[in-house]
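**Student:** 3D model of this:
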Amino acid sequence: MGAAPAHRADTAARASATLPDTKEERAARLSLLAEEVRTCQKCPLHEGRTHTVFSRGDPSSEVVFVGEGPGAEEDLQGQPFVGAAGQLLDKMIAAMGYHRDEVYICNIVKCRPPKNRKPEPAEMAACSPYLTAQLALIKPKVIVALGATAVQGLIGTSEGITKLRGTWKLYKGSIPIMPTFHPAYLLRQPSAKREVWSDLKEVMRHLGKSAPDRG
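**Tutor:** Got it, this is the predicted structure:
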């Protein structure tokens, strides 16, 4: 792989250099960023992709959910969390009182790793400017990090999610992060749903929303 073309090398940085004043301008800048992602060849993941997977949802949302990377269904459709784990995530979002399109959802990496493996550090590093630009434009009040890889990509820690979950972290010194289990883990371990709901209730309390008790 060669170096990125000079005219594209700093697009992600420029996208968020001056924060937009309107929802329309924010959406326009995110659209330009998504277009750059579609042609990205910064790491080997581009070689096996069907589609890049940039985001779904409302770029003006107060909550951003960050996952690990696209799976097979996401690669085919070009949207994050559309498979079985995505359906469970939508139920989690609904339980918080949001419609699935009222939050913003993205991943650490924008292309599917082979066989859904964990993204390698170099792949995460290559993709990180895109996520940084996304979050700078959206300026959410809270980030929900879904799984250990999401937390690692956001703040660099290598601790396991069992230790991390339920404890507030901070993204770039300003945005609270709530780490919790990835929905794919919940499909394998349904008993962990109670812990995730506890984490999501903390998010709701932080946002000043009511958090009804549920199992």
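**Student:** helices or strands up against the strand or helix carrying residue 130?
**Tutor:** Here residue 130, judged by DSSP states H and E, is contained in helix 121-138. The contact analysis (3 or more Cβ pairs under 8 Å, 6 or more residues apart in numbering; DSSP states H and E) places helix 121-138 against helix 11-15, helix 23-38, strand 63-67, strand 104-107, helix 148-155. C-beta: built from backbone N, CA, C; applies to glycine.
**Student:** ok, 7 Å please
**Tutor:** Helices and strands touching helix 121-138, by 3 or more Cβ pairs under 7 Å, 6 or more residues apart in numbering; DSSP states H and E, are helix 11-15, helix 23-38, strand 104-107, helix 148-155.
**Student:** Let me know which of those is the nearest to residue 61.
**Tutor:** strand 104-107 (4.4 Å; Cβ to Cβ).
**Student:** JSON lines for the helices and strands packed on helix 121-138, including distance to residue 208?
**Tutor:** JSON lines is the format used below for the helices and strands packed on helix 121-138 (distance: least, Cβ to Cβ, whole Å):
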{"stretch": "helix 11-15", "distance to residue 208": "30"}
{"stretch": "helix 23-38", "distance to residue 208": "21"}
{"stretch": "strand 104-107", "distance to residue 208": "19"}
{"stretch": "helix 148-155", "distance to residue 208": "23"}
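**Student:** from those, which stretch is densest packed?
**Tutor:** strand 104-107 (a mean of 25; mean count of other Cβ atoms under 10 Å).
**Student:** Could I get the average pLDDT for it?
**Tutor:** Taken as a whole, strand 104-107 carries a mean pLDDT of 98.
**Student:** in this structure, what spans have low per-residue confidence?
**Tutor:** Within the chain, the ranges that satisfy pLDDT under 70 run 1-21, 211-215.
**Student:** Nearest to the spatial middle of it, which residue is it?
**Tutor:** Nearest to the geometric centre of the chain sits residue 66, at 2.1 Å (Cα atoms, centre = their mean).
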